[in-house]
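> have a look at this prediction, sequence included:
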Amino acid sequence: MTAKLTIPDLWAMAEAGTPLSMITCYDYPSARLIDAAGVDIVLVGDSVAMTVLGYPNTLPATMDMMVVFAGAVARGCQRAFVLGDMPYMSYQTSVPEAIRNAGRFMAEAGVDGVKLEGGRTMVEAVRGIVNAGIPVMGHVGLTPQTATALGGMKAQGRTAERAIKVAEDAIALDRAGCFAVVIEAVPEAVTGMIVAKLDCPTIGIGAGNGTSGQVLVLHDLAGINHGRLAKFVKRYSDVRSEMLRGVEAYIEEVRSGAFPAAEHVYSVDPSELEGLQQRLNREDLEGASYLTKEHSWDWEPLP
């Protein structure tokens, strides 16, 4: 069995200059695939609300929802370090609530740690979760749960004033005990300056090459999603087109009668068919059924 990656393993890789690969995914088959490919970290993102369930943003994701998806992914990963993404309002209300929900991820889903958004305002929650023995990855820069307050889904830290706030958030999370910090949609030059101030590894998404690793959503990098992509996304395959081709071919063969063919059909011994036909020819067979066409919907309610 492949050895499970641990935080010391990830730290050692980052210290040695080996870039960390991180992918966001949401289901068991996908988790098995990317784990077999050798990904280092798998995030079960609250973006599942948008990517899989069709909501316009991440806010509708709930703890109950996230635990189900995270459990599926955790069961699919033998090597990768798996993180559950703390959904909106699962950690902001109080430190005890943050600890309880992080504990749900660990106990019910079987993940290896959690990720949460926010900087200085989340320090106490991070400390509480870490002190409870649960690894925490932080997230600064563009934080989708609070995108409205940041002016929308756009790059952060493009002025000196905004950049220093991102830096202060990252430093606060590092000092609070985060084992790593995601930096999202921050100019590469700014990211490099922030990384130099941190002790923990960093994961970039739209933040350039100065981080310890990179993260993309599987649906984006594999070309499953359709439509406009963020600037920082690179597509490495076109799974959607191949899936579409397969589904169209299936529909065509069903309509033409080409599917199912002989190799897709179960067989039966001819002697069994003869016996079956004799029984089907019995006059009382129809009377033995529980319902007839005349009264199949004419049920009397129980007294």
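Thanks, I have the structure now.
> tell me which helix or strand in this protein has the weakest average pLDDT.
One helix or strand of the chain scores below all others by mean pLDDT, DSSP states H and E: helix 270-280, with a mean of 88.
> strands of the stretch 51-200 of the chain, start to end?
81-85, 113-115, 136-141, 180-184 (DSSP state E, counting those that start in this stretch).
> and the second one, what does it pack against?
It refers to strand 113-115. Of the remaining helices and strands, those touching strand 113-115 by 3 or more C-beta pairs under 8 Å, 6 or more residues apart in numbering; DSSP states H and E are strand 81-85, strand 136-141. Backbone N, C-alpha and C define where each C-beta goes, glycine included.
> cool, and the last one?
Strand 180-184 is packed against strand 136-141, helix 160-176, helix 188-195, strand 202-205, with contacts defined by 3+ C-beta pairs under 8 Å, 6+ apart.
> that strand vs helix 188-195, what angle?
On the basis of axes from the mean of the first three to the mean of the last three C-alpha atoms, to 10 degrees, strand 180-184 is oriented at 160 degrees to helix 188-195.
> so what strands line up beside strand 180-184?
The strands beside strand 180-184 in its sheet (DSSP bridges) come out as strand 136-141 (parallel), strand 202-205 (parallel).
> dump those to JSON lines, plus distance to A258 and mean pLDDT.
What follows is those, written out as JSON lines (distance: least, C-beta to C-beta, whole Å; pLDDT from 0 to 100):
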{"stretch": "strand 136-141", "distance to A258": "50", "mean pLDDT": "97"}
{"stretch": "strand 202-205", "distance to A258": "45", "mean pLDDT": "98"}
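> most tightly packed of the ones you listed?
strand 136-141 (a mean of 28; mean count of other C-beta atoms under 10 Å).
> and the closest residue to G110 other than its chain neighbours, how many neighbours?
Distances taken as C-beta to C-beta, 6 or more residues apart in numbering place A74 nearest to G110, at 4.2 Å, with adjacent residues excluded. For A74, the count of nearby residues is 23 (other C-beta atoms under 10 Å).
> correct me, but A74 touches A109?
Yes. Between A74 and A109 there is a contact under C-beta atoms under 8 Å: 5.6 Å.
> which residues do the two both contact?
Shared contacts of A74 and A109 (C-beta atoms under 8 Å, 6 or more residues apart in numbering): V44.
> just the pLDDT at G103, thanks.
Turning to G103, the model gives it a pLDDT of 98.
> for T6, see how far away it is.
G103 sits at a distance of 19 Å from T6 (criterion: C-beta to C-beta, to the nearest Å).
> more neighbours, those two?
Applying other C-beta under 10 Å to G103 and T6 shows that G103 carries more neighbours, namely 15 against 12.
> where's the more buried one relative to V181, distance?
Applying C-beta to C-beta, the value for G103 to V181 is 22 Å.
> my read: A102 touches A132, true?
Yes. In this structure, A102 is within contact of A132 by C-beta under 8 Å, at 7.0 Å.
> the more surrounded of the two?
Higher neighbour count among A102 and A132: A102, with 29 against 15, using other C-beta under 10 Å.
> what sits against that one?
Shown in contact with A102 (C-beta under 8 Å, 6+ apart): M86, Y91, V114, I129, A132, I134, V136.
> mind listing the helices for the stretch 201-303 of the chain?
218-221, 239-256, 270-280 (DSSP state H, counting those that start in this stretch).
> hmm, back to that, in CSV, list the strands paired with strand 180-184 along with distance to L221.
Compiled in CSV, the strands paired with strand 180-184 are given as follows (distance: least, C-beta to C-beta, whole Å):
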stretch, distance to L221
strand 136-141, 19
strand 202-205, 11
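> where are the low-confidence patches of this protein?
For the chain, applying pLDDT under 70 flags the ranges 1, 147-153, 283-303.
> excluding chain neighbours, what is closest to P56?
In space, P56 is closest to M50, 7.0 Å off (C-beta to C-beta, 6+ apart).
> was I right to think the one you found contacts T24?
No. Counting by C-beta under 8 Å, M50 does not reach T24; the two are 11.3 Å apart.
> higher neighbour count, the two?
Comparing M50 with T24 by other C-beta under 10 Å, the one with more neighbours is T24, at 27 against 20.
> contacting residues around the more buried one?
Taking C-beta under 8 Å, 6+ apart, one finds V42, L43, V44, G45, S47, V215, L216, V217, L218 in contact with T24.
> circling back: comparing the helices of the stretch 201-303 of the chain, which comes out most buried?
For the helices of the stretch 201-303 of the chain, the highest mean count by mean count of other C-beta under 10 Å goes to helix 218-221, at a mean of 21.
> having no further points to raise, I will conclude here.
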